[in-house]
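[1] Return a 3D structure for these sequence lines:
(2 chains)
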Amino acid sequence: DGGITQSPKYLFRKEGQNVTLSCEQNLNHDAMYWYRQDPGQGLRLIYYSQIVNDFQKGDIAEGYSVSREKKESFPLTVTSAQKNPTAFYLCASSSSADTQYFGPGTRLTVL
Amino acid sequence: SQQGEEDPQALSIQEGENATMNCSYKTSINNLQWYRQNSGRGLVHLILIRSNEREKHSGRLRVTLDTSKKSSSLLITASRAADTASYFCATEGSSNTGKLIFGQGTTLQVKP
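    Sure, this is the predicted structure:
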């Protein structure tokens, strides 16, 4: 059953805490992406990776970090430097500069 | 940065009617894509139109692209209650990085 998965579905963070969101794909896609979505808004790109061991900042990378040690995995860490992290986070992957396939999302809430 | 602007922001129609959503963008593109998002879920790809194409069909969906006006439209014919969702346009620029820039979306409600 091919696809892209994200975990957890819901995540709660205390002030000053780092949290890591998981994104895994078994579609054999080279490229992976992290987006943030705020209520009633479109998606904004946080980080993207076109190949293993390489990644680039998107439009709103401040306060976030990523790694791409394996083709299948692209975890996102929301650091304490991100002052307003409450949002819906979406991961996507693609095989080319073309259609992106999205995971179900993680809703992060700061307590 | 968000390149796309979508119009209208919200649309409410009766089942069986057609729904038209518009998207405008600012810079040159390789392609323009439309995605659908049900509430609280991930996005699902609907259709992609390349910069050298003017119209594309997929089932009840019809997409047009006017690169001279930097605009696109998505038409859903014979709408169903299950079409209720948010619809986003996304543009891929000429840099071939695969980066998509999303519009803010149109929320469609189809009343049974």
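
[2] For chain B, what lies in contact range of chain A?
    Taking CB under 8 Å from any CB of the partner chain as the contact definition, chain B meets chain A at B:1-2, B:4, B:30-31, B:33, B:35, B:40-45, B:48, B:88, B:90, B:92, B:96-105. Every C-beta, even on glycine, is put in place using the N, C-alpha and C of the backbone.

[3] Separate out the buried members of the residues you listed.
    B:2, B:4, B:30-31, B:33, B:35, B:41-43, B:45, B:48, B:88, B:90, B:92, B:98-105 (16 or more other CB atoms under 10 Å in any protein chain shown).

[4] At the geometric centre of chain A, which residue sits there?
    Nearest to the geometric centre of chain A sits A:W34, at 3.3 Å (CA atoms, centre = their mean).

[5] check contacts around it.
    A:W34 makes contacts with A:21, A:23, A:45-48, A:58, A:64, A:66, A:74, A:76, A:89-91, as judged by CB atoms under 8 Å, 6 or more residues apart in numbering or on different chains.

[6] Kindly reformat those as TSV containing distance to chain B.
    Shown next, in TSV, are the contacts of A:W34 (distance: CB to the nearest CB, whole Å):
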residue	distance to chain B
A:L21	13
A:C23	11
A:L45	6
A:I46	12
A:Y47	11
A:Y48	6
A:G58	7
A:Y64	16
A:V66	15
A:F74	13
A:L76	15
A:Y89	11
A:L90	6
A:C91	8
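
[7] tell me which of those is nearest to B:N18?
    In terms of CB to CB, no member of the contacts of A:W34 lies closer to B:N18 than A:L90, at 29.0 Å.

[8] what's the spacing between the helix or strand where the closest one lies and its chain's center?
    Assigned by DSSP states H and E, A:L90 belongs to strand A:87-94. Going by CA atoms, centre = their mean, to the nearest Å, the spacing between the C-alpha centre of strand A:87-94 and its chain's C-alpha centre is 5 Å.

[9] so what does it touch, helix or strand wise?
    strand A:4-7, strand A:19-25, strand A:31-37, strand A:101-102, strand A:106-110 (3 or more CB pairs under 8 Å, 6 or more residues apart in numbering or on different chains; DSSP states H and E).

[10] The last one versus strand A:19-25: what angle between them?
    Pointing back at strand A:106-110 there. 180 degrees (axes from the mean of the first three to the mean of the last three CA atoms, to 10 degrees).

[11] Quick one: mean pLDDT over strand A:106-110.
    Across strand A:106-110, pLDDT averages out at 94.

[12] Brilliant, that's me finished.
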